[in-house]
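[1] Requesting a structural model of the entry that follows:
(chains A and B)
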Amino acid sequence: MAATEEFKLDQPLIVRYGYYLADLGRGYLGHSFTGRDVSEQLLAAFPATIRLALLAVLIEVLLGVTIGVFAALRPGRTFDTTTTLIGLVIIAFPGFVVANLAQLVFGVRLGWFPVTVSDPTSLYELLLPAIVLALAHQVTLSRLTRSAVIESMQSDYVRTARTKGLSEARVVGVHALRNSLIPAVTYVGKDIGGLMAGAVVVEGVFNISGVGGLIVQSIRSHDGITIVGAVTVIVVAYLVINLLVDLSYALLDPRIHYD
Amino acid sequence: MKQSRFLVGAALQAAAMVGALAAGTTAGQAQTSQPGWVSVSACTPAGPLIPTNTNETCGSDILQPILAGLVANDAKTGAIIDDIALSITTTDNTTWTIKLRPGRKFHDGTEVLARNFVDAWNWAAYGPNGQSNNDWFSIITGYGDLNPKAAKGEKPPVPATKAMSGLKVINDHEFQVELKLPVPVFKSQLSYKAFYPMPDSFFADPAAFGRKPIGAGPFQLVSGTPDTGYKLAAFPGYGGPAKPSIKGVDLRIYTSREAAYNDLVAGNLDLLRDIPASKLVADLWKRDLRGRAVIQPRANIQALGMPYTDANQQMLKPAIRQALSMAIDRKSIVDILFNGIGQPATGWVPPGVEGYQAGACGEYCSFNPEKAKDLLAKAGGYKGDIKLYYAGDSEVKSAMDAVCNSIQNVLGLTCVTSALSDNATFRSYTRSGKVDGPFPSNWTMDYPSIDNALVPLYSKEGTSNRGAYESAAFDALLDKAAKEDSATAIKTYQEAERLLTADMPRVPLWNPAMTVGHSPKVRQVTLYTNGRIDYSALALKE
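    Numbering: from 1, shown residues only, chains lettered A, B, ... in the order given. Coordinates of the predicted model:
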């Protein structure tokens, strides 16, 4: 009765969709079947997921770029081949195996990190889950950086910089690296979307009350309204991040201009 | 120097990001509990915490310690004992006089009076309030006036009255209930939370109550939200039979039981109910928890529902059902699949329930391949495959595969398990009358009395009689029981239970058990038959 009217279940699907879009335009995501405000639930869930994703990106960039650059300076040597091999092993393991293993070893057995994350989250608690999330992603990033840096190192402007007598660190750090960052930045941008998706697994293992956990829970309870709301917000966030990535190209390469 | 500015800028941005991250977090909640408190794994309640509208486990687990009703269920013995009620009397099982113990208080300080029951029941039974426990009140005279029926497809009219004529407040501490039909076990039913009293403040603002419920139970809600968990402190003004010795319960929300289990092993959590299946394998949990692992029976019965429709004429023969039942090696399945946790069912009532009789099902629930083959042969054999339907999103697949294999090996029939996409599809299909094979049927007791295991499932009018079973002799015994006093009625119900062997409307499979793990600081973990932890019986080590 009341629920039928509230959710407009007596209307055809297309009409209900119209109502949903109109609500969405006003920033209203609706109420779930259990009566909870979807926007409120998302607002409560998002901080944890954003913190986790940002921390993971930070770790990913630090690890990925550093490993990539050092591997590129001496391609084919011990450091390059070892990191490649380790990277392959990491990628070969499914995310939930790494997450569970890390929790068991570093949380339960060694006690270095908290086993689960409380709410509200603290940075220290998020460190282990973030490392787990970043591990697999940094492999691709380091490979991308490596090949881009190798390519730049052979380019004319690097040779010019060298002949100008600049120090090797400056040549690599400023001239080669900056020009190699475009593919890496593109990847990281796309990756934030991937991190939000990957967070579904990691959030479950470490009991983080974020968007990933919310989506899983809503799928289990067949709560379509919450799922659609959460996914809509994630898609918007993903689009905004990619827009920012595109804009950042101009910063990295002055030849790219947006008029 | 454009480049270096860029690098400095990037470094500053990174630093600012880390700063924002750190600033956006609190110091990190202490995972260790306050002294005298126990931390317990909980899950997010599905809706507002209103007793008459909360059916699911997550919400019930949070609500129950807060509430008290007329009667309570003793966790140790399973007996129904008086709680707020001083006496509950009847001469004909129809008119019940209920006297209250004076001086029992709600957490807001107001006394629990007769009108708190009558108002709460009327509110819950009032159709437009849309309470999910609404039909519990259908036994009371005048329920129909609050729930007028409408023609199919039309909206029901607004009820003319908001009160049931069967409820009368005599004075502050006494009220009278008149039932439509005699219900000998009405007193047992009163232990269900739909019948609990509500304070006056509830009726002013049910939504506020849903966020912060006020009961008359041993614990009161201090703070909490569905996402962060709830803190329940022992209520100093509690005067009931279940006075707790602990200071409070910290209900922590876990999205996965594996995560909670790891916290338990690492010493960050005190109590976890339902150990994850992966840890039960090879008694892994017993090694992890070293003597802190508890197994207790649960008031639940898993059975194989049988179709009682024209969709499969062969299944209508009792001998076929009995043959199937005798072909299932229950003990091996419990031992191997559930690691010995739980026990093979020997009847239709779970153990620990008032009126339980061991072996009610007799030889038909024992594994006997020879007899099973004989029965099948006498019934003229079975043509075609046996299809065993289950809900694809439930966790019963391995058990149903095992049942199917057992039947196949013993009877030489082909038995296939067939998944229906989800629980909703499964339910509508098994209720449609088109189902042509057996299906898992799991019954958890609403209150621990034999009638709750029989009436809803096997009586003609039963609300959960999915196989559409009908037996005149069975129904006659239920009618007879309704007119008897409760002790005699239970004997009659037992007689009715034994009658089920003739038709085997459901094939009893097993009674699962509950598993609980606790931290070293907790001792004496007792569970109610419905699986809740009895926090009042908990004791802590100094």
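
[2] and the most centrally placed residue in chain B, bridged to which residues?
    Taking C-alpha atoms, centre = their mean as the criterion, B:Thr444 is the residue nearest the geometric centre of chain B, at 4.9 Å. Taking DSSP bridges as the rule, B:Thr444 bridges to B:Asn300.

[3] list the contacts for it?
    Taking C-beta atoms under 8 Å, 6 or more residues apart in numbering or on different chains as the criterion, B:Thr444 is in contact with B:298-300, B:530-531. Glycine gets a C-beta too; all of them are placed from N, C-alpha and C.

[4] Quick one: name the residues of the stretch 151-259 of chain A near chain B.
    A:173-174, A:178, A:203-207, A:209, A:213, A:216-217, A:221-222, A:251 (C-beta under 8 Å from any C-beta of the partner chain).

[5] Top of these by number of neighbours, please.
    Counting neighbours by other C-beta atoms under 10 Å in any protein chain shown, the top entry in those is A:Phe206, with 33 neighbours.

[6] Looks like that residue contacts A:Ala130 (just checking).
    No - with contact defined as C-beta atoms under 8 Å, A:Phe206 and A:Ala130 do not form a contacting pair (9.8 Å).

[7] Neighbours of the closest residue to chain B within the stretch 1-150 of chain A, how many?
    Closest approach between the stretch 1-150 of chain A and chain B, counting by C-beta to the nearest C-beta: A:Ser122, at 3.0 Å. The local packing of A:Ser122 (other C-beta under 10 Å) involves 17 other residues.

[8] do the same with A:Ser218
    Around A:Ser218 there are 23 residues (other C-beta under 10 Å).

[9] sorry, back to before: which phi and psi values does the residue of the stretch 1-150 of chain A closest to chain B adopt?
    phi -110, psi 160 (degrees, to the nearest 10).

[10] Look up how far A:Leu104 lies from it.
    21 Å (C-beta to C-beta, to the nearest Å).

[11] Return the residues in contact with B:Asn339.
    Counting by C-beta under 8 Å, 6+ apart, B:Asn339 has contacts B:280-283.

[12] 6 Å instead, please
    B:Leu280 (C-beta atoms under 6 Å, 6 or more residues apart in numbering or on different chains).

[13] got it, and A:Met196?
    Counting by C-beta under 6 Å, 6+ apart, A:Met196 has contacts A:Ile234.

[14] got it, and B:Pro159?
    B:127, B:146, B:148 are the contacts of B:Pro159 under C-beta under 6 Å, 6+ apart.

[15] switch the cut-off to 10 Å
    B:125-128, B:144-148 (C-beta atoms under 10 Å, 6 or more residues apart in numbering or on different chains).

[16] Please apply the same query to B:Ser418.
    So B:Ser418 contacts B:385, B:387-390, B:392, B:400, B:404, B:437, B:439 (C-beta under 10 Å, 6+ apart).

[17] where does whichever residue of the stretch 151-259 of chain A sits closest to chain B land on pLDDT?
    Using C-beta to the nearest C-beta, the single residue of the stretch 151-259 of chain A nearest to chain B is A:Asn207, 3.9 Å away. On pLDDT, A:Asn207 comes in at 84.

[18] Need the residues touching each of A:Phe206 and A:Ala130.
    A:52, A:199.

[19] so how far is stretch B:305-323 from its chain's centroid?
    Chain-centre distance of stretch B:305-323: 29 Å, with C-alpha atoms, centre = their mean, to the nearest Å.

[20] Give the buried residues for that stretch.
    B:305-309, B:312, B:315, B:317-318, B:320-323 (16 or more other C-beta atoms under 10 Å in any protein chain shown).

[21] for these, which one is nearest chain A?
    B:Gly305 (22.3 Å).

[22] The spatially closest residue to B:Gly362 that is not a sequence neighbour in helix, strand or coil?
    Once flanking residues are discounted, B:Gly362 sits nearest to B:Thr501: 5.5 Å by C-beta to C-beta, 6 or more residues apart in numbering or on different chains. Classification of B:Thr501 using DSSP: H, G, I helix; E, B strand; the rest coil returns helix.

[23] next one: B:Met315
    helix.

[24] contacting residues for it?
    By C-beta under 10 Å, 6+ apart, the neighbours of B:Met315 are B:306-309, B:321, B:324, B:382, B:386, B:435-438, B:467.

[25] all helices for chain A, in order.
    All helices of chain A, identified by DSSP state H, fall at A:2-6, A:13-25, A:38-73, A:78-92, A:95-102, A:123-153, A:156-163, A:168-170, A:177-205, A:211-220, A:224-252.

[26] For those helices, please prepare CSV with the additional fields distance to B:Ile450.
    CSV is the format used below for the helices of chain A (distance: least, C-beta to C-beta, whole Å):
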stretch, distance to B:Ile450
helix A:2-6, 35
helix A:13-25, 46
helix A:38-73, 42
helix A:78-92, 56
helix A:95-102, 44
helix A:123-153, 49
helix A:156-163, 86
helix A:168-170, 83
helix A:177-205, 40
helix A:211-220, 33
helix A:224-252, 40
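
[27] related to what we said a few turns ago, pull the most distant pair out of the residues of the stretch 151-259 of chain A next to chain B.
    A:Val174 and A:His222 (54.5 Å; C-beta to C-beta).

[28] if we can go back for a sec, what's the closest of the contacts of B:Ser418 to B:Ala163?
    Using C-beta to C-beta, these come closest to B:Ala163 at B:Phe439, 41.5 Å.

[29] quick one, what contacts the closest one?
    Per C-beta under 10 Å, 6+ apart, neighbours of B:Phe439: B:303-307, B:387-391, B:396, B:400, B:418, B:420, B:426-427, B:429-430, B:466-467, B:506.

[30] do B:Gly215 as well
    B:49, B:51, B:63-69, B:106-108, B:112, B:193, B:196-199, B:209, B:221, B:235.

[31] Mind checking which of the residues you listed are buried?
    B:49, B:51, B:63-69, B:106-107, B:112, B:193, B:196-199, B:209, B:221, B:235.

[32] Among the residues you listed, which lie within helices?
    Checked against DSSP H, those include these in helices: B:63, B:209.

[33] how close does the residue of the stretch 151-259 of chain A closest to chain B sit to B:Ile275?
    16 Å.

[34] Would you mind measuring from B:Glu370 to B:Ala327?
    Taking C-beta to C-beta, one finds B:Glu370 at 10 Å from B:Ala327.

[35] who has more neighbours, those two?
    B:Ala327 (26 against 9).

[36] I'd assumed B:Tyr382 was in contact with the more buried one.
    No - with contact defined as C-beta atoms under 10 Å, B:Ala327 does not reach B:Tyr382; the gap is 11.1 Å.

[37] hey, what's in contact with both of the two?
    B:376, B:411-413.

[38] could the residues you listed go into CSV alongside neighbour count, pLDDT and distance to A:Val188?
    Output for the shared contacts of B:Ala327 and B:Tyr382, formatted as CSV (neighbours: other C-beta atoms under 10 Å in any protein chain shown; pLDDT from 0 to 100; distance: C-beta to C-beta, whole Å):
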residue, neighbour count, pLDDT, distance to A:Val188
B:Leu376, 23, 92, 66
B:Leu411, 23, 92, 61
B:Gly412, 12, 91, 62
B:Leu413, 19, 90, 59
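
[39] Tell me the one among those nearest to chain A.
    For those, the nearest to chain A is B:Leu413 (35.0 Å; C-beta to the nearest C-beta).

[40] need the residues of the stretch 401-542 of chain B near chain A, please.
    B:422-424 (C-beta under 10 Å from any C-beta of the partner chain).

[41] From those residues, which land in helices?
    Counting by DSSP H, these contribute B:423-424 to helices.

[42] Let me know the closest of the residues of the stretch 151-259 of chain A next to chain B to A:Val15.
    When those are compared against A:Val15 (criterion: C-beta to C-beta), the nearest one is A:His222, at 21.8 Å.
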